[in-house]
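Novice: with the sequence up front, the predicted model follows.
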Amino acid sequence: MIQRYLKRRLPRDGYAFSLFREGKNSLDQVASAMADIAPGTLRARPQRLFVSLTADCSLHCGAYHYGRDFMPGHSLPWSLGGPMLEDAAALGITNVRLYGGEPLLHRDIEKFVARTVDLGMSPWLTTNGLLLDKKIDRLVAAGLRRVSIGMYGVGAQYDRYVGRNGAFAAVEAGLARARARHGPETLDLKLDWLLMRGTCAPEVVEATLAFAARFGMRIHVNLIHYSLPYFTKPEEDGGHHFRMEDRPLLEGAVARLIEARMATPDLIRNRIRGLRSIPDWLMRGPAMRVPCNERDLIWVGPDGSVQMCYVTFRLGNLYDARLRDLVLTEVHHRAARAAHALDCPNCHCSYDRRINGNGGAKLGHGSGGITLLRAA
């Protein structure tokens, strides 16, 4: 309860919040070590709710299948969303991520934001930004204070990846207008940057750093995925996934990100240990054996699916039962233990949190040396 109170109250860009996060990492390390010794002690503890509101999207990303062969046509209705948010608040959940697909296409997006705020939780919207200028004023009025923009390159490279000419210019112009009306004191903007082969080139890294600095945004480095059901798999890839021979290029990009973070700590949200671990996650894939701590996450899909994480551990469906009846069950607690044991596809979701919340992995990436991993 104290953790949840502090997480709500502390400014996210302040020194006190940094101390809080490091303290939480230490507690996670203790829980992880205890779970290795006595697995039965580990239980689910939902604190974050990620809601994929709709599979519809206004872009056609090269490595991303939402709305095509992943839940096409599905959109979570408000009749299910309202009770879901009430149950989430009653469970003590503090953060609610609203995303898609493209969440700004959902007709009830303002209702979701306003109700989340009314219930004392903090909403966080992830969007491609095309509709941001049109909708941001009403969303801010509803209580939205955090927005992340998906970023997949710059200029023509971005347009090719998303399958739409002029898309980057439209996002850039809309973001500039939104930022002019809502400064950093009102709206916390983050750049959800997807690190893949096309965005790893030195000139793209530099352009991305400059783009974020221009709009007062923090960068969160996301990694192209090998196990999320709505990403292409490496074997069916169109050149987006890394190959072993790409490691020097990848290590160069990571070194530049670390340099930028050390020079301007507020520019990049990932911690240095997390950044150092990126080449291992992308090169080793499922062989990267760091215990998963997603036991604090609940994922809801546009078709009403409820899972413990993005990839697996299905708990039920909102069309059949309320959220309160699907979580903190024995099935949910078994899922938490299975995730810690990596009895799953072993993805790299929350790689930064996992590295910093596990003692051995944290030590292994503390100075960029040899990675210390659990035996496969």
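Specialist: That came through, no problem.
Novice: and stretch 295-305, how far apart are its ends?
Specialist: 17 Å (CA to CA, to the nearest Å).
Novice: same deal with stretch 230-247?
Specialist: Note: stretch 230-247 ends 25 Å apart using CA to CA.
Novice: would you map the helices across the protein?
Specialist: Here the chain has its helices, by DSSP state H, at 2-9, 15-37, 78-90, 109-118, 132-142, 155-162, 167-181, 202-214, 247-263, 272-284, 323-326, 330-340, 351-356, 359-364.
Novice: worst-scoring helix or strand of this protein, pLDDT-wise?
Specialist: Least confident element among the helices and strands of the chain, by mean pLDDT, DSSP states H and E: helix 2-9 (a mean of 51).
Novice: for residue 159, what are its contacts?
Specialist: Applying CB atoms under 8 Å, 6 or more residues apart in numbering to residue 159 gives the contacts 165-168. Just so you know, the C-beta spots here come from the backbone N, C-alpha and C atoms, and that holds for glycine as well.
Novice: then residue 78?
Specialist: So residue 78 contacts 108, 111-112 (CB under 8 Å, 6+ apart).
Novice: where in this protein is pLDDT low?
Specialist: 1-39, 66-68, 235-237, 359-364, 366-376 (pLDDT under 70).
Novice: let's see it at 80
Specialist: For the chain, applying pLDDT under 80 flags the ranges 1-40, 63-70, 229-238, 358-376.
Novice: before we move on, back to that, and which of the contacts of residue 78 is nearest residue 194?
Specialist: Among the contacts of residue 78, residue 112 lies closest to residue 194 (CB to CB), at 24.3 Å.
Novice: before we move on, back to that, show me which of the contacts of residue 78 are buried.
Specialist: Buried subset of these (neighbour count, 16 or more other CB atoms under 10 Å): 108, 112.
Novice: just give me how far stretch 260-277 sits from the chain centre.
Specialist: The chain centroid and the centroid of stretch 260-277 are separated by 16 Å, computed with CA atoms, centre = their mean, to the nearest Å.
Novice: now swap in stretch 152-165 and tell me
Specialist: Stretch 152-165 sits 21 Å away from the centroid of its parent chain (CA atoms, centre = their mean).
Novice: can you get me the start-to-end distance on that stretch?
Specialist: Using CA to CA, one end of stretch 152-165 lies 14 Å from the other.
Novice: one step back: ChimeraX command for the buried members of the contacts of residue 159?
Specialist: To isolate the buried members of those in ChimeraX, using 16+ other CB under 10 Å:
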select :167,168
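Novice: using TSV, please lay out the contacts of residue 159 together with distance to residue 144.
Specialist: Shown next, in TSV, are the contacts of residue 159 (distance: CB to CB, whole Å):
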residue	distance to residue 144
165	30
166	27
167	23
168	24
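Novice: from the contacts of residue 159, which is closest to residue 135?
Specialist: residue 167 (17.1 Å).
Novice: how close does the closest one get to residue 133?
Specialist: Applying CB to CB, to the nearest Å, the value for residue 167 to residue 133 is 14 Å.
Novice: ok, residue 291 next?
Specialist: Residue 291 is 42 Å from residue 133, by CB to CB.
Novice: which one's more surrounded, these two?
Specialist: Neighbour tally, residue 291 and residue 133, criterion other CB atoms under 10 Å: the higher count belongs to residue 291, 22 against 19.
Novice: ok, the residue lying closest to that one once chain neighbours are set aside - how many residues close by?
Specialist: Closest residue to residue 291 apart from its sequence neighbours, by CB to CB, 6 or more residues apart in numbering: residue 340 at 4.8 Å. Neighbour count for residue 340, taken as other CB under 10 Å: 21.
Novice: can you check the one 10 residues further on too?
Specialist: Counted with other CB under 10 Å, the burial measure for residue 350 works out to 19 neighbours.
Novice: what of the one 3 residues further on?
Specialist: Residues contacting residue 353 under the criterion other CB under 10 Å number 20.
Novice: separation between the closest residue in space to it that isn't next to it in sequence and residue 337?
Specialist: Spatially, and ignoring its direct neighbours in sequence, residue 353 is nearest to residue 293 (6.1 Å; CB to CB, 6+ apart). As for residue 293, its distance to residue 337 is 12 Å (criterion: CB to CB).
Novice: for residue 99, same thing?
Specialist: Residue 99 sits 27 Å away from residue 337, taking CB to CB as the criterion.
Novice: neighbour count winner among the two?
Specialist: Using other CB under 10 Å as the criterion, residue 99 and residue 337 rank with residue 99 on top: 20 against 17.
Novice: my read: that one touches residue 112, true?
Specialist: No - the criterion here is CB atoms under 8 Å, and residue 99 misses it with residue 112 at 10.9 Å.
Novice: between those two, what contacts are shared?
Specialist: Joint contacts of residue 99 and residue 112 (CB under 8 Å, 6+ apart) are 51, 53.
Novice: for burial, what's the neighbour tally of residue 141?
Specialist: The number of residues near residue 141, taken as other CB under 10 Å, comes to 11.
Novice: and it, how far is that from residue 110?
Specialist: Distance, residue 141 to residue 110, using CB to CB: 8 Å.
Novice: please apply the same query to residue 117.
Specialist: Going from residue 117 to residue 110 by CB to CB gives 11 Å.
Novice: mutual contacts of these two, please.
Specialist: Joint contacts of residue 117 and residue 110 (CB under 8 Å, 6+ apart) are residue 142.
Novice: who's in contact with residue 127?
Specialist: By CB under 8 Å, 6+ apart, the neighbours of residue 127 are 99-100, 102-104, 147-150.
Novice: what is the nearest of those residues to residue 62?
Specialist: residue 150 (12.9 Å).
Novice: just checking, that closest one touches residue 126?
Specialist: Yes - counting by CB under 8 Å, residue 150 touches residue 126, with 6.6 Å between them.
Novice: need the residues touching each of the two.
Specialist: Here residue 150 and residue 126 have residue 192 as joint contacts, going by CB under 8 Å, 6+ apart.
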